[in-house]
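**Q** Pasting the sequence and the predicted coordinates here, then a few questions.
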Amino acid sequence: IFNDNGIDIYGALQEKSIILFVLNPLLYPETSTNLGRLILIDAKKAVSQLFQGHVKNRNFFIFDELNVYASRTLLDLVNKSRSANVTCLLACQSISDLVSAIDEDFKNQVIENCNNFIFMRQNTSKNAEECAEIIGTQEKIQMTYQMDEHTSTDKGSARRVREFIVHPDTIKNFGLGECAYLSKDSHTLESYVKIHLLNKGA
């Protein structure tokens with residue numbers, strides 16, 4: 001990737017190959033971030049070449065530990081790549097990671113540019129509620145009844161209320177591999193999905 005004879009992302013896409021970049025921000029925090037920016041630049045170059053070459057195959061960029069790549073360049077790549085038939089998959093531990101990586105605006109822009117979401121367990125009430133808000137609310141009829149001591153009467157009322165489709169408490173209590181899946185592309189919502197994970201002792 002650093003010389004003319006090396007592989008580049010566009011070349012890998014043409015060959016239907018896979019490039020795996022392993023960045024370790026724990027050992028090399030500054031180097032990982034800088035290398036992440038270089039990868040984004042090469043990815044943007046590849047997308048530009050895909051426009052010129054009219055490549056019809058669907059391709060994927062997967063960004064795990066999103067904070068390593070977090071930048072305005074990433075937002076531009078996510079926004080432009082779908083027109084080149086490239087899907088960007090962005091993964092982070094929590095929504096708070098997006099805020100700490102840059103700021104609140106960055107988090108909102110990432111969410112705005114995504115159409116499909118997988119929400120796994122969130123331990124904080126704030127993150128769980130934000131996930132529930134992204135999924136949305138639904139209208140329901142709430143019935144109330146009047147009681148006369150221990151006996152219900154014929155008096156009551158009904159009113160329209162909005163409530164979470166997937167409650168934040170549900171998100172906070174997901175088990176291993178459980179999640180809520182939301183696709184705004186296909187208008188699909190699965191509020192309880194079990195993902196089969198390979199557990200290798202981690």
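**A** That came through, no problem.

**Q** What residues of stretch 155-170 count as buried?
**A** Phe164, Val166, Pro168, Thr170 (16 or more other CB atoms under 10 Å). In short, each C-beta sits where N, CA and C put it, glycine included.

**Q** ok, now stretch 35-46?
**A** Leu35, Gly36, Arg37, Ile39, Leu40, Ala43, Lys44, Ala46.

**Q** Quickly find the element holding the fifth one.
**A** Mapping Leu40 onto the secondary structure by DSSP states H and E places it in helix 29-53.

**Q** Which strands and helices lie in contact with that helix?
**A** Applying 3 or more CB pairs under 8 Å, 6 or more residues apart in numbering; DSSP states H and E, we find helix 29-53 packed against helix 9-14, helix 72-81.

**Q** can you pull out the strands in the chain?
**A** 59-63, 86-90, 116-119, 137-148, 151-164, 178-183, 188-194 (DSSP state E).

**Q** measure Glu129 to Tyr181 for me?
**A** Between Glu129 and Tyr181 the computed distance is 18 Å (CB to CB, to the nearest Å).

**Q** cool, and Glu104?
**A** Where Tyr181 is concerned, Glu104 sits at a distance of 25 Å (CB to CB).

**Q** Same drill for these two, tell me which one is more crowded.
**A** Tyr181 (16 against 9; other CB atoms under 10 Å).

**Q** Test of understanding: give the bridge partners of the more buried one.
**A** For Tyr181, the beta-bridge partners under DSSP bridges are Ile118, Glu190.

**Q** so it makes contact with Thr188?
**A** Yes: contact criterion CB atoms under 8 Å: Tyr181 and Thr188 qualify, at 7.3 Å.

**Q** so what's the nearest residue to Gly175 once chain neighbours are set aside up against?
**A** Nearest non-adjacent residue to Gly175, counting by CB to CB, 6 or more residues apart in numbering: Arg121, 7.6 Å away. Neighbouring residues of Arg121 by CB atoms under 8 Å, 6 or more residues apart in numbering: Ile171, Lys172, Asn173, Phe174, Gly175, Glu178.

**Q** Next, count neighbours for the residue nearest to Glu130 when sequence neighbours are not counted.
**A** Nearest non-adjacent residue to Glu130, counting by CB to CB, 6+ apart: Ile95, 5.3 Å away. As a burial measure, Ile95 scores 20 neighbours (other CB under 10 Å).

**Q** Same question for the one 10 residues further on.
**A** As a burial measure, the neighbour count of Asp105 was computed by other CB under 10 Å and equals 10.

**Q** What distance do you get for it to Leu75?
**A** The value you get for Asp105 to Leu75, if CB to CB is used, is 10 Å.

**Q** do Lys155 as well
**A** When Lys155 is compared with Leu75 (using CB to CB), they lie 55 Å apart.

**Q** Equivalent analysis for Ser191, please.
**A** Taking CB to CB as the measure, Ser191 falls 29 Å from Leu75.
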